[in-house]
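Chemist: this one's structure only:
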């Protein structure tokens with residue numbers, strides 16, 4: 001008897017595979033709108049964030065498309081059906097909300113340590129990154145350069161190269177297609193202003209060598225990022241509220 005190896009899967013991958021199977025079996029036709037995410041979440045017994053991550057994985061695969069203000073539809077602009085390979089653990093990376101949850105744990109504690117150990121020179125370097133973000137004429141670009149540098153310099157202020165490497169690894173995951181696609185609708189002026197305000201609060205706590213304040217400011221910042229991603233995706237999931 002031959003056995004197949006069991007591959008661990010994230011929850012959103014399991015949902016994406018099930019929806020893909022339904023599409024390929026013809027239960028959802030090309031051009032047909034998928035059920036609202038709140039209904040899918042109830043059906044699968046998961047949070048709406050998990051459903052959103054599954055929808056992004058399917059969008060990356062080319063099986064579905066998001067129409068702003070209308071909802072999520074089975075892709076119709078294809079001459080022949082797309083064959084969907086079941087998602088494996090290494091296909092599309094961690095889900096955005098899983099990644100942000102990890103950042104809250106890790107970077108919150110990094111902020112605590114940095115508040116204790118940061119030198120005047122290291123604080124000046126962190127401040128420089130914030131000033132560069134404030135002057136950047138293209139707000140979304142902050143997530144590709146000075147935002148990343150800001151967080152990296154906080155990690156460097158712990159004087160622990162392992163923590164620096166962990167932060168760098170998490171930021172690389174944020175630049176993968178999964179996270180990039182998910183954050184398409186978060187490229188808003190409000191997001192830029194929120195990020196700057198949050199970073200100012202983090203820096204203020206570091207300047208005061210306030211460990212508890214630094215942890216709280218970092219945690220609130222990452223909670224805000226999660227909230228923006230949730231709200232932004234709802235703008236693309238208007239089928240929950242509006243008829244087609």
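Modeler: Structure's in. What do you need? Please read all numbers here as calculations on a predicted model, not as lab measurements.

Chemist: Tell me which residue is most central in the chain.
Modeler: residue 96 (3.0 Å; C-alpha atoms, centre = their mean).

Chemist: If we go by neighbour counts, what in the helix or strand containing residue 122 is buried?
Modeler: Per DSSP states H and E, residue 122 falls inside helix 120-135. Applying a neighbour-count criterion of 16 or more other C-beta atoms under 10 Å, one finds 122, 123, 125, 126, 127, 129, 130, 133 buried in helix 120-135. Quick note: C-beta positions are derived from backbone N, CA and C, even for glycine.

Chemist: Equivalent analysis for stretch 112-121, please.
Modeler: 112, 113, 114, 115, 118.

Chemist: Serialize the residues you listed to TSV and add fields for distance to residue 70.
Modeler: Shown next, in TSV, are the buried residues of stretch 112-121 (distance: C-beta to C-beta, whole Å):
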residue	distance to residue 70
112	45
113	47
114	45
115	47
118	48
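
Chemist: how's the protein carved up into domains?
Modeler: 11-92, 96-235 (automatic domain parsing).

Chemist: mind checking how far the first one is from the chain centre?
Modeler: Centroid separation between domain 11-92 and its chain, computed with C-alpha atoms, centre = their mean, to the nearest Å, is 18 Å.

Chemist: And the next helix or strand past the helix or strand bottoming out on mean pLDDT in the chain?
Modeler: Sorted by mean pLDDT, DSSP states H and E, the helices and strands of the chain end with helix 177-182, the least confident at a mean of 67. The first helix or strand that comes after helix 177-182 along the chain, using DSSP H and E, is helix 189-207.

Chemist: who touches that next one?
Modeler: 111, 114-115, 118, 123, 126-127, 130, 133-134, 139-140, 142, 147, 150, 154, 157, 213-214, 216-218, 220-221, 224-225, 228 (C-beta atoms under 8 Å, 6 or more residues apart in numbering).

Chemist: Do a quick rundown of the strands in this structure.
Modeler: 64-67, 71-74 (DSSP state E).

Chemist: Can you point out the buried residues in the biggest helix by length in the chain?
Modeler: Looking across the chain with DSSP state H, the single longest helix is helix 211-236. Using 16+ other C-beta under 10 Å as the test for burial, helix 211-236 gives 211, 213-219, 221-222, 225-226, 228-229, 232-233, 236.

Chemist: now swap in stretch 60-77 and tell me
Modeler: For stretch 60-77, using 16+ other C-beta under 10 Å, the buried residues are 60, 61, 63, 64, 66, 71, 72, 73, 74, 75.

Chemist: repeat for stretch 11-23
Modeler: 11, 12, 13, 14, 15, 16, 17, 19, 20, 23.

Chemist: JSON lines please, covering these and showing distance to residue 190 and pLDDT.
Modeler: Output for those, formatted as JSON lines (distance: C-beta to C-beta, whole Å; pLDDT from 0 to 100):
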{"residue": "11", "distance to residue 190": "30", "pLDDT": "79"}
{"residue": "12", "distance to residue 190": "26", "pLDDT": "79"}
{"residue": "13", "distance to residue 190": "31", "pLDDT": "80"}
{"residue": "14", "distance to residue 190": "34", "pLDDT": "82"}
{"residue": "15", "distance to residue 190": "30", "pLDDT": "84"}
{"residue": "16", "distance to residue 190": "30", "pLDDT": "84"}
{"residue": "17", "distance to residue 190": "35", "pLDDT": "84"}
{"residue": "19", "distance to residue 190": "31", "pLDDT": "87"}
{"residue": "20", "distance to residue 190": "34", "pLDDT": "86"}
{"residue": "23", "distance to residue 190": "34", "pLDDT": "84"}
